[in-house]
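S.K.: I would like to see how this sequence folds:
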Amino acid sequence: MFTEDDFILISALQHYVYCPRQCGLIHVEDVWRENVFTVRGDILHDKVDTDTFESRGALRTVRGLRIHSYRLGIVGRADVVEFRKSKGADEGQEVMPVEYKAGEPKEDLSDKVQLCAQALCLEEMLNLPVPRGSFFYGKIRRRVDVDIDAGLRQRTEEIISAIRDLVTRKHTPAAEYGDKCRHCSLEPLCLPKGMNQRKLKQYMEGLYLQ
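M.R.: This is a model prediction of the structure:
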C-alpha cells in the first residue's frame, strides 16, 4: 500500500506509453508546452469536468470524479463515471468510466491503460467490479467500449511500476526520434533529432580510436 505522497498521476500512463521520454519530461522535470492537439483536448475536457451529476431513470452520471488507488499508488480524475442499476433480482449497480478524447481511437495502448487505471481505482474505492470502460472520441463523434480484461490489467500495472521506477530515480529516458515526435507538444524542448547520449558516447569513443 502506498501513501498519498507516493501517488502517481493516472495521466502519466498515457504519456509513458506514447513516449517514455515525454513521461519523464512531464512527470520528472515538470516540463509542459501546449500545441493544437493539447488545446483541443483541454477544451473537450473543460466541457466535461464540471463536478456535477445527473440522474435519468436507472442511470446516474457523475462528472469530474476524483479517484485513487492506495494499492497501486495512483490518483487522477475521471471525466465521467456512469452508475447504472443492475437488471435482475439483486439491487446492485454497474459502474463504467467514460473518458473523453478529442481525436480518434489509437493503435497503441496509451488510451486503454489510462482507462484501465481508472477502472482499477473505482474497483478499490467502491468494492465493485468494473469489467468495461468507454471512450468518446470527438473526431469520430461516437463511443467505443473497451473490455477491462486480465491482459490489459496486467499491462497497466506493469506500466505503473515502470513509471514509479522512472520517477523514483528521477530519470528521463534519452530521446529517440520517431513519427510520434511530429505531433508532440514537447518536440521543441525535447530535441529528439539531436544527438542522444548513446550516439554521443559512440561518437566520442570513435574519436579516441582515430
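
S.K.: what ranges do the helices span in this structure?
M.R.: Applying DSSP state H to the chain gives helices spanning 11-18, 20-27, 36-48, 110-126, 150-168, 187-190, 197-209.

S.K.: Quick one: low-confidence residue ranges for the chain.
M.R.: Under the criterion pLDDT under 70, the flagged ranges of the chain are 32-51, 88-91, 194-210.

S.K.: how does it look with 80?
M.R.: In the prediction, the chain carries residues with pLDDT under 80 at positions 32-53, 86-92, 182-184, 187-210.

S.K.: Could you tell me how far the residue nearest to residue 85 when sequence neighbours are not counted is located from residue 84?
M.R.: Ranked by CB to CB, 6 or more residues apart in numbering and with sequence neighbours excluded, the top spatial neighbour of residue 85 is residue 58, at 4.2 Å. In short, each C-beta sits where N, CA and C put it, glycine included. To residue 84, residue 58 is 6 Å away according to CB to CB, to the nearest Å.

S.K.: try residue 29
M.R.: Distance from residue 29 to residue 84, by CB to CB: 42 Å.

S.K.: For those two, indicate the residue with more neighbours.
M.R.: Under the neighbour definition other CB atoms under 10 Å, residue 29 and residue 84 were set side by side, and residue 84 has more, 14 against 11.

S.K.: Now for the residue nearest to residue 85, how many residues are close by?
M.R.: Neighbours of residue 58 (other CB under 10 Å): 12.

S.K.: cool, and the one 10 residues further on?
M.R.: One way to gauge burial is a neighbour count; for residue 68, by other CB under 10 Å, it gives 19.

S.K.: dump the residue contacts of it.
M.R.: 4, 7, 74-76, 121, 125 (CB atoms under 8 Å, 6 or more residues apart in numbering).

S.K.: Is it bridged to anything, and to what?
M.R.: Taking DSSP bridges as the rule, residue 68 bridges to residue 75.
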